[in-house]
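Undergrad: quick one: sequence plus predicted model below, questions after.
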Amino acid sequence: MELLLAIFVFASSTSITPGPNNIMIMASGMNFGTRKSLPHYLGICIGFPLIHEIIKIVGIVYLVYLSWLIANSAPKSLDSTETQPISFWQAVLFQWVNPKAWIMATGAVAAYTSAASDIYSQVLLIALVFFAVSFPCIGSWLFFGVWLKKLLKDSSNQRVFNICMALLLVMSIIPVTYDLIRGYVT
């Protein structure tokens, strides 16, 4: 029971903190509302995998690209139906290049597994806890984005918001980039 509680606290704290998924689902909630963002939301919650170094590099490059797109997006009417939110499968596939997801997964496996016990059942328990915790944590970001829509009707506020979100997205990859560079330098 203590292990389950420890994994739950770890999963909750890492799932609720700002990261690429949370920033993108908040922006999706703001731009598209809850119903249209549900596939994106479910793709995040269900598509959470394990870590690999090449995927970190691809993820960093992709997130910098996304940041550039967000920062340079023109303000628009938030009532527009011209664009669509990220789909379920796009969100699932994004988990493969999401540095925070990789760090969370490897951190949880490193911290909450033991060589003395069955590794598969331990990893399954961790995955189930993350699965359960992701819905309310990621959902809070979705609903925050929906709420933000009310504040961002003005195009100048949208511009500031987009630049802030792009900067947060870039900042979210700094620790992964630092660890990656440190791994090659040392």
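TA: Alright, I've got the coordinates.

Undergrad: now do the lowest-mean-pLDDT helix or strand in the chain: everything it contacts.
TA: Lowest mean confidence among the helices and strands of the chain (mean pLDDT, DSSP states H and E): helix 53-71, at a mean of 76. Contacts to helix 53-71, defined as C-beta atoms under 8 Å, 6 or more residues apart in numbering, come from residues 20, 24, 27, 96-99, 102, 162-163, 165-167, 169-170, 172-173, 176-177, 180, 183. From N, CA and C alone the C-beta is placed, and that goes for glycine too.

Undergrad: can you turn the buried subset of those residues into a selection I can paste into ChimeraX?
TA: Only the buried members of these enter the following ChimeraX selection, criterion being 16 or more other C-beta atoms under 10 Å:
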select :20,24,27,96,97,98,99,102,162,165,166,169,170,172,173,176,177,180
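
Undergrad: and the residue located most distally from the centre of the chain, how far is that from Val170?
TA: The centre of the chain is farthest from one residue, Ala116, which by C-alpha atoms, centre = their mean lies 32.1 Å away. As judged by C-beta to C-beta, to the nearest Å, Ala116 and Val170 stand 41 Å apart.

Undergrad: and if you look at Asp154?
TA: 24 Å.

Undergrad: check the offset of stretch 12-24 from the chain's centre.
TA: The chain centre lies 5 Å from the centre of stretch 12-24; the measure is C-alpha atoms, centre = their mean, to the nearest Å.

Undergrad: stretch 177-186 now?
TA: For stretch 177-186, the distance to the chain centre is 22 Å (C-alpha atoms, centre = their mean).

Undergrad: stretch 101-120 too?
TA: 20 Å.

Undergrad: what about it, start to end distance?
TA: 19 Å (C-alpha to C-alpha, to the nearest Å).

Undergrad: in terms of secondary structure, what does whichever helix in the chain runs longest contact?
TA: Identified as the longest helix of the chain according to DSSP state H is helix 119-151. Judged by 3 or more C-beta pairs under 8 Å, 6 or more residues apart in numbering; DSSP states H and E, helix 119-151 is in contact with helix 2-16, helix 20-46, helix 99-112.
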